[in-house]
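>>> Quick one: sequence and predicted model below, then my questions.
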Amino acid sequence: MSLPRAYIMNILAELRSRFEPVLTEWTDDPSSVIEMLKASQDAKFGDYQANFAMPLAARIPELKPRDLATQIVEKVDLSDFCEPLEVAGPGFINIKLKQDWLNTQTQNLVADERLGVAAAEAPQKVVVDFSAPNVAKPMHVGHLRSTVIGDANYRVLKFLGHDVVGDNHIGDWGTQFGMIIFGYKHFLNEAAFEEAPVTELARLYRLVNQLSDYHATKNAIPKKEEDINQQAEKLQSLESSADLTDKKIQKQIKKLKADLGESQAELTSQQESLTELEANEDLHSKAIAFPEIARLAREETARLHSGDAENIELWERFLPQCLDAIQTVYDRLNIHFDMTLGESFYQPLLADVVADLKQKGLAKESQGAICVFMQGIEAPFIVQKQDGAFTYATTDLATIKYRVEELKADRVLYVVDSRQSEHFKLLFATVKEWGYSDLELQHVSFGTVLGKNKRPYKTRSGDTVGLESLLDESIESAYQIVSENDDAKPDGPELNDAERRQIAEVVGLGGIKYADLKHNRDSDYVFDLDKMLANKGDTATYMQYAYARVCGIFRKGQIDRSALRDHQAALTLVDESERALALQINRYSEILESVATEARPNYLTNYLFELSNLFSTFYNNCHVLKAEEEAVKTSRLLLCDLTARIVEHGLSLLGIGTCERM
RNA sequence: GCCCCCGUAGCUCAGUUGGAUAGAGCAACGCUUUCCUAAAGCGUAGGUCGCAGGUUCGAACCCUGCCGGGGGUACCA
């Protein structure tokens, strides 16, 4: 029999709700300062701390912060679960949980399948828009962040009881299809297409792209040379005539020099790429045969969009194959979408969107295009181009309309590169004016994945790194580590090859995902496979190892975990390391709440790392199976069980697996 | 030109919205295995939080200026 859920308290929420009414005596809006009650940064200040006495006292001239803190403490009654409150320093209120209460509270978690995490009282309909690759191009590292961060947010929101829809807004209608269609019509290798259609389509895309780039670069070179000459002249005249002691002039010169150097480097690399292509006879002859290839490809796109029968037929033939190809990547990563409504799905709705915007006076003609202008933003939001074609802005608006009217969304998360923040600023502003003011829109932006050279992650030849080969490499490298470690075990290896392979898969994929998720999503981060799989430090492996160690204890002790839970034995925290571990276990729900509101999975990775860390200390200090007394042993087993369940569950919310042995 | 982001230990990064002596991992140095997996634990060392002002009881965080890096900027998505 499980205990009623009411026995399990979200400690932070409870503390805040006890303090909040008391604060009304000093402020009209206690909710604005209540968030200053939080977990202590240092265990010596107790378990939780409240810092709001200082700012509140600052508003009242004759009141000292310390005195105010004392007054607050006198009015709040927490005696049922906390030690007497302490006022420290300039007015901090330190809160420490009663030992007996923490014992019972932790014990109650054992019987709770949700590990103390209550389902949302007011569930929202949330659309998480993530991954969104261009289907005709092979996936690369750049797609990893959106996919992995989006998936983690999706899982967390869902666990918290929200009605979540994962939508893969794929690029299935853009210019890349024009390129493929053009390639198919002119350069197809039929045998290759029969053999592996997607590989051949990817080759055609690359080929057409390469040839268009060649001409674009070639045409741009004279202008580039002219620019360089102008820059050089300007620099010279500045250096010879102007006042060199003027700081502004100095700065200008410096900047000009830097620009000039950059332009020259660019020119050189462009010339090199031209020479490289020309050295390949086959490519060069194709380039000569189709000087207008970029325009021709665009025309194929235009024909597709205007309903040309042949191009539609090709598109309908290619699309399922492209979808299958990306699906194999999602299967490997264990990523699931509830719907995949790409750009093409919204095409029939676009004309109405523009008409509606015009009718409401939001959109108007400017330089031949139909634009929405938002106050305070210089750039226009172009919903229809000069040539009559719609843009991704139009598609995004239609998508929102659909999500509100058909899916009944309350909130939409866009897990998209930070470089598109200006687009989303315009999009959200427009949407508000357009009439969907209740909808909560959030650009879950993230930084660029860099190589060790701090430039965007590319191969030496400048290509993006294919995602699949990266996964292979990671798993293979994990296999080496798993094997080495198993071979080094004191009592000899424990794993057969199939087990090693299976563990390598979990460790290899987990390492890549964890590395991405542990960083604050806003910042760029350096992609370093060796660090991701390192057999030490803050990696997925560390948490997976903690989990495997618990499993080892239960295996060695021949303990049946579900029987242990049903037994309702007493949990008593004795050692300091046990108490610290238990406190962290009790904080799981707090952390998930903060992940959900800010869409920041790194709060969870950080929490799990700390949890595993506390477990390792406990594991070292407190022997479980050889505990002095039976009651202590049982109590510690309960603690192990809870730790393992949260590690496993937390990692699963990040899309990362665990193994019983490793 | 205009707009946005970043600058924290040798390296890679946290820092929960203004709180107590700025943290972690890696690398370095020292210690711990008759005992549940040492993929671990414990400890030492390492900092002018880019620089200079300002706001206040208190600033890595807010404001101003400067230095350095990245990104975006009218018809690609």
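Sure, I can see it. Numbers count the residues shown, from 1 in each chain, chains lettered A, B, ... in the order given.
>>> Closest to the centroid, which residue in chain A?
A:Ile149 (2.3 Å; C-alpha atoms, centre = their mean).
>>> hang on, it packs against A:Arg521?
Yes: between A:Ile149 and A:Arg521 there is a contact at 5.7 Å, judged by C-beta atoms under 8 Å. C-beta here means a position set from N, CA and C on the backbone, and glycine is covered the same way.
>>> Mutual contacts of those two, please.
The contact sets of A:Ile149 and A:Arg521 overlap at A:Val444, A:Phe446, A:Ala599, A:Pro601 (C-beta atoms under 8 Å, 6 or more residues apart in numbering).
>>> what's the pLDDT at the third one?
At A:Ala599, the predicted lDDT confidence score is 96.
>>> go on, the second one?
pLDDT, A:Phe446: 94.
>>> Next up, the contacts around it.
So A:Phe446 contacts A:Arg145, A:Ser146, A:Ile149, A:Val415, A:Val416, A:Asp417, A:Ser418, A:Arg521, A:Asp522 (C-beta under 8 Å, 6+ apart).
>>> 10 Å instead, please
Residues in contact with A:Phe446 (C-beta atoms under 10 Å, 6 or more residues apart in numbering) are A:145-146, A:148-150, A:415-419, A:516, A:519-525.
>>> Filtering those by proximity to RNA strand B, which remain?
A:Ser418, A:Arg419, A:His519, A:Asn520, A:Asp522, A:Ser523, A:Asp524, A:Tyr525 (C-beta under 7 Å from any atom of the strand).
>>> would you list those in a markdown table and tack on distance to A:Leu571 and pLDDT?
Output for the ones next to RNA strand B among the contacts of A:Phe446, formatted as a markdown table (distance: C-beta to C-beta, whole Å; pLDDT from 0 to 100):
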| residue | distance to A:Leu571 | pLDDT |
| --- | --- | --- |
| A:Ser418 | 45 | 94 |
| A:Arg419 | 50 | 92 |
| A:His519 | 35 | 95 |
| A:Asn520 | 35 | 95 |
| A:Asp522 | 40 | 92 |
| A:Ser523 | 40 | 89 |
| A:Asp524 | 44 | 89 |
| A:Tyr525 | 39 | 88 |
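>>> Is the residue of the stretch 201-350 of chain A found nearest RNA strand B part of a helix or strand, or is it coil?
Nearest residue of the stretch 201-350 of chain A to RNA strand B, counting by C-beta to the nearest atom of the strand: A:Lys251, 4.7 Å away. On the three-state scheme (DSSP: H, G, I helix; E, B strand; the rest coil), A:Lys251 is labelled helix.
>>> Please apply the same query to A:Ile93.
strand.
>>> Can you check the pLDDT for the residue of the stretch 201-350 of chain A closest to RNA strand B?
73.
>>> Tell me how far it lies from A:Ile228.
21 Å (C-beta to C-beta, to the nearest Å).
>>> okay, the two: which has more neighbours?
A:Ile228 (16 against 10; other C-beta atoms under 10 Å).
>>> one step back: may I ask which of the shared contacts of A:Ile149 and A:Arg521 has the most neighbours?
A:Pro601 (28 neighbours).
>>> got the buried residues for the worst-scoring helix or strand of chain A on mean pLDDT?
Least confident helix or strand, chain A: helix A:247-279 with a mean of 80, by mean pLDDT, DSSP states H and E. For helix A:247-279, the neighbour count (16 or more other C-beta atoms under 10 Å) marks A:Ile253, A:Leu256, A:Leu260, A:Ser263, A:Leu267, A:Gln270, A:Ser273, A:Leu274, A:Leu277 as buried.
>>> In TSV: the residues you listed, plus distance to RNA strand B.
Listed next are the buried residues of helix A:247-279 as TSV, based on distance: C-beta to the nearest atom of the strand, whole Å:
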residue	distance to RNA strand B
A:Ile253	11
A:Leu256	11
A:Leu260	14
A:Ser263	14
A:Leu267	17
A:Gln270	16
A:Ser273	18
A:Leu274	22
A:Leu277	22
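>>> hang on, the earlier thing: spit out the contact partners of the residue of the stretch 201-350 of chain A closest to RNA strand B.
Counting by C-beta under 10 Å, 6+ apart, A:Lys251 touches no other residue.
>>> Filter the contacts of A:Phe446 down to the ones in strands?
If you go by DSSP state E, the contacts of A:Phe446 have A:Val415, A:Val416, A:Asp417, A:Tyr525 in strands.
>>> on that earlier part again, quickly note the distance from the residue of the stretch 201-350 of chain A closest to RNA strand B to A:Leu238.
11 Å.
>>> if we can go back for a sec, among the ones next to RNA strand B among the contacts of A:Phe446, filter down to the buried ones and hand me the ChimeraX syntax, if you would.
Selection of buried members from the ones next to RNA strand B among the contacts of A:Phe446 for ChimeraX, criterion 16+ other C-beta under 10 Å:
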select /A:418,519,525
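>>> before we move on, the earlier item: which of the shared contacts of A:Ile149 and A:Arg521 lies closest to A:Gln105?
Proximity of those to A:Gln105 (C-beta to C-beta) peaks at A:Pro601, which lies at 26.5 Å.
>>> What residues does the stretch 301-450 of chain A have near RNA strand B?
Residues of the stretch 301-450 of chain A lying near RNA strand B (C-beta under 7 Å from any atom of the strand): A:343, A:366-369, A:371, A:378-380, A:382, A:385-387, A:389, A:391-392, A:395, A:418-423, A:448, A:450.
>>> From those, list the buried ones, please.
Judged by 16+ other C-beta under 10 Å, buried ones among these: A:Glu343, A:Ala369, A:Cys371, A:Pro380, A:Ile382, A:Thr391, A:Tyr392, A:Thr395, A:Ser418, A:His423, A:Thr448, A:Leu450.
>>> mind listing which of these are in strands?
A:Ala369, A:Cys371, A:Ile382, A:Leu450.
>>> ok, so of those, who is nearest RNA strand B?
Using C-beta to the nearest atom of the strand, those come closest to RNA strand B at A:Ala369, 3.4 Å.
>>> domain parsing for chain A?
Domain assignment for chain A, taken from automatic domain parsing, gives A:5-97, A:125-174+A:318-449, A:175-306, A:467-653.
>>> What mean pLDDT does the shortest one get?
If I follow you right, that is domain A:5-97. Mean predicted lDDT for domain A:5-97 stands at 90.
>>> That one and RNA strand B in contact?
Yes: judged by C-beta under 7 Å from any atom of the strand, domain A:5-97 and RNA strand B are in contact via A:35-36, A:38-42, A:45, A:49, A:51, A:54-55, A:58, A:65, A:88-90, A:92, A:94.
>>> With adjacent residues omitted, what lies nearest to the one residue in the stretch 551-662 of chain A that gets nearest to RNA strand B?
Proximity to RNA strand B, evaluated over the stretch 551-662 of chain A using C-beta to the nearest atom of the strand, is greatest for A:Gly552 at 2.7 Å. Nearest residue to A:Gly552 in three dimensions, chain neighbours excluded: A:Arg661, at 7.3 Å (C-beta to C-beta, 6 or more residues apart in numbering).
>>> do A:Leu319 as well
A:Asp172 (6.0 Å).
>>> List just the nearest of the ones in strands among the contacts of A:Phe446 to A:Leu357.
For the ones in strands among the contacts of A:Phe446, the nearest to A:Leu357 is A:Val416 (22.3 Å; C-beta to C-beta).
>>> Confirm for me that the closest one is in contact with A:Gly142.
No: with contact defined as C-beta atoms under 10 Å, A:Val416 does not reach A:Gly142; the gap is 11.4 Å.
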